[in-house]
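K.L.:
my questions are about this predicted structure, shown below with the sequence.
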Amino acid sequence: MRILVTGGAGFLGSHLCEALLSRGDDVVCMDNLLTGSEKNIQHLRANSRFMFLRHDVTHHISLDGPLQGILHFASPASPVDYLEHPIHTLKVGSLGTHNALGLAKDKKARFLIASTSEIYGDPLVSPQKESYWGNVNPIGPRGVYDEAKRFAEAMTMAYRRAHGVDTRIVRIFNTYGPRMRPNDGRAVCTFITQALDGQDLTLFGDGSQTRSFCFVTDLIDGILKLFDSGEGDPVNIGNPDEIPIRRLAEEVIQLTGSASRIVLRPLPQDDPKQRRPDITRARTLLAWEPVVPRRQGLEKTVGYFRSLRG
């Protein structure tokens, strides 16, 4: 297959490009490099089946030749990024998704949208099933990302129903691994960076809020299984192993051998108290579940961050 990956130079997008090439697909990687980096795809450049196009998906997308698949991963995805670029985040979720779906319609290509667990907001039920409609503050600072993804899902389903586009929706829960940016504001990379620098680990709230962390290779495997399936309704992909954020901070200190302390900071507005996927649908429909233990994944991630220091 010849497949377009928007946001292909980002953390998840670059791993996705790599996995598609490994299984024999031709890959067109599209990114405007707002939050992505050419360093993430440098090792793919020598592959004759890989092509990079620098382009902003909020503008019309044109691509010569046949195309069998589109994986739409373009979007600022960390709080640091979407709070710094709120309007662009909304435009990528709306205009960008519209443009990518229009290309899928024209090329008769299969389309997968990277949605997020953030569409559940600060959930009132746990674990979160795909049937849960969420508890989102549309006018809060996080609303630009939450509502962009909710709109993108609605647009995807509209193209499926109105135009017969073969669509998939993956709801991605917290993911970590190599190629995360040290300064992107997410818990895993923030804690590792602070620990390696010998700084205090900043914990928001009292650290009792919970998250579940999926290693990137597990996530990519689940996404490709969904892409290859015939499933058009949303599917959660993530690790249901739920832990308090304080425990994650303690594990990072232990793995890095750091003498860092944990210090508390005020909890940001609308920060979810719980985040845990119900992956029953992924297990049943895709025969997928995560296999990388958190300690093993954290060791690999710490090793990657150490390598950035030379």
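P.N.:
Right, received. Where do you want to start?
K.L.:
and the helices in the stretch 201-310 of the chain, which stretches?
P.N.:
Along the stretch 201-310 of the chain, the segments classed as helices by DSSP state H, counting those that start in this stretch run 216-228, 245-256, 280-286, 294-307.
K.L.:
deepest-packed of those, please.
P.N.:
Greatest average neighbour count among these goes to helix 216-228 (a mean of 21), per mean count of other Cβ atoms under 10 Å. (C-beta placed from N, C-alpha, C; glycine too.)
K.L.:
I'd like to know which elements that one is packed against.
P.N.:
The contact analysis (3 or more Cβ pairs under 8 Å, 6 or more residues apart in numbering; DSSP states H and E) places helix 216-228 against helix 11-22, strand 69-72, strand 110-116, strand 167-172, strand 175-176, strand 235-237, helix 280-286.
K.L.:
against residue 43, how distant is residue 123?
P.N.:
To residue 43, residue 123 is 38 Å away according to Cβ to Cβ, to the nearest Å.
K.L.:
of those two, who's got more company?
P.N.:
residue 123 (18 against 11; other Cβ atoms under 10 Å).
K.L.:
confidence score at that one?
P.N.:
pLDDT, the model's per-residue confidence, is 91 for residue 123.
K.L.:
quick one: it and residue 132 touch, right?
P.N.:
Yes: assessed by Cβ atoms under 8 Å, residue 123 is found in contact with residue 132 at 6.8 Å.
K.L.:
quick one, what contacts the residue in the chain sticking out farthest from the centre?
P.N.:
What lies farthest from the middle of the chain is residue 259; by Cα atoms, centre = their mean that is 31.0 Å. Neighbouring residues of residue 259 by Cβ atoms under 8 Å, 6 or more residues apart in numbering: residue 198.
K.L.:
ok, it to residue 306 distance?
P.N.:
Here the criterion is Cβ to Cβ. By it, residue 259 lies 17 Å from residue 306.
K.L.:
would you mind writing the CA trace of stretch 144-154 as PDB?
P.N.:
Extracted in PDB, the C-alpha atoms of stretch 144-154 (Å, rounded to 0.1, in the frame of the first residue of the first chain):
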ATOM      1  CA  VAL A 144      -9.100  23.700  22.200                       C
ATOM      2  CA  TYR A 145      -7.600  20.200  22.000                       C
ATOM      3  CA  ASP A 146     -10.600  18.300  23.400                       C
ATOM      4  CA  GLU A 147     -13.100  19.900  21.100                       C
ATOM      5  CA  ALA A 148     -10.800  19.800  18.100                       C
ATOM      6  CA  LYS A 149     -10.700  16.000  18.500                       C
ATOM      7  CA  ARG A 150     -14.400  15.700  19.200                       C
ATOM      8  CA  PHE A 151     -15.100  17.700  16.000                       C
ATOM      9  CA  ALA A 152     -12.600  15.600  14.100                       C
ATOM     10  CA  GLU A 153     -14.400  12.400  15.100                       C
ATOM     11  CA  ALA A 154     -17.800  13.900  14.000                       C
END
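K.L.:
from the chain's centroid, how far away is that stretch?
P.N.:
14 Å (Cα atoms, centre = their mean, to the nearest Å).
K.L.:
helices along the stretch 51-200 of the chain, start to end?
P.N.:
Using DSSP H, counting those that start in this stretch, helices in the stretch 51-200 of the chain cover 79-84, 86-91, 97-107, 143-163, 187-196.
K.L.:
now the stretch 201-310 of the chain, which segments are flagged as low pLDDT?
P.N.:
The model of the stretch 201-310 of the chain has pLDDT under 70 over residues 270.
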